[in-house]
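Q: no sequence for this one, just the structure:
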């Protein structure tokens, strides 16, 4: 069982966590074998990574 303070923090932040997850999974982040951009896994994956780096 998680300590009470952690449970409260999770409950308090659940709406924001779900909103962040919803935005993350909206990226078309399927790796492409030969991307046309300089990003190793393609621009959409790079955009998803940049989003998460900013969110964190």
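A: Received the coordinates, thanks. Keep in mind that this is a model prediction, so the values were computed, not measured. Numbering: from 1, shown residues only.
Q: per-residue confidence at residue 32?
A: The predicted local distance difference test score for residue 32 is 74.
Q: Next, it: secondary structure please.
A: At residue 32 the chain is in coil, as set by DSSP: H, G, I helix; E, B strand; the rest coil.
Q: Let me know how buried it is, in neighbour terms.
A: Applying other CB atoms under 10 Å, we find 14 other residues in the vicinity of residue 32. Where you see a C-beta, it was placed from the backbone N, CA and C, and this is true even at glycine.
Q: Quick check: next helix or strand after the helix ranked longest in the chain?
A: Longest helix in the chain by number of residues (criterion: DSSP state H): helix 4-25. Under the assignment DSSP states H and E, the closest C-terminal helix or strand after helix 4-25 is helix 43-55.
Q: Over that following helix, what's the mean pLDDT, rounded is fine.
A: When the per-residue pLDDT values of helix 43-55 are averaged, the result is 92.
Q: Tell me which residues are up against it.
A: 20, 23, 24, 27, 28, 29, 30, 31, 35, 37, 39 (CB atoms under 8 Å, 6 or more residues apart in numbering).
Q: Closest to residue 8 out of these?
A: Residue 8 lies nearest to residue 20 out of those, by CB to CB, at 19.0 Å.
Q: Distance of the residue lying closest to the closest one once chain neighbours are set aside relative to residue 48?
A: Setting aside the residues directly before and after it, residue 20 is nearest to residue 55 in space (CB to CB, 6 or more residues apart in numbering), at 5.3 Å. The gap separating residue 55 from residue 48 is 11 Å, by CB to CB, to the nearest Å.
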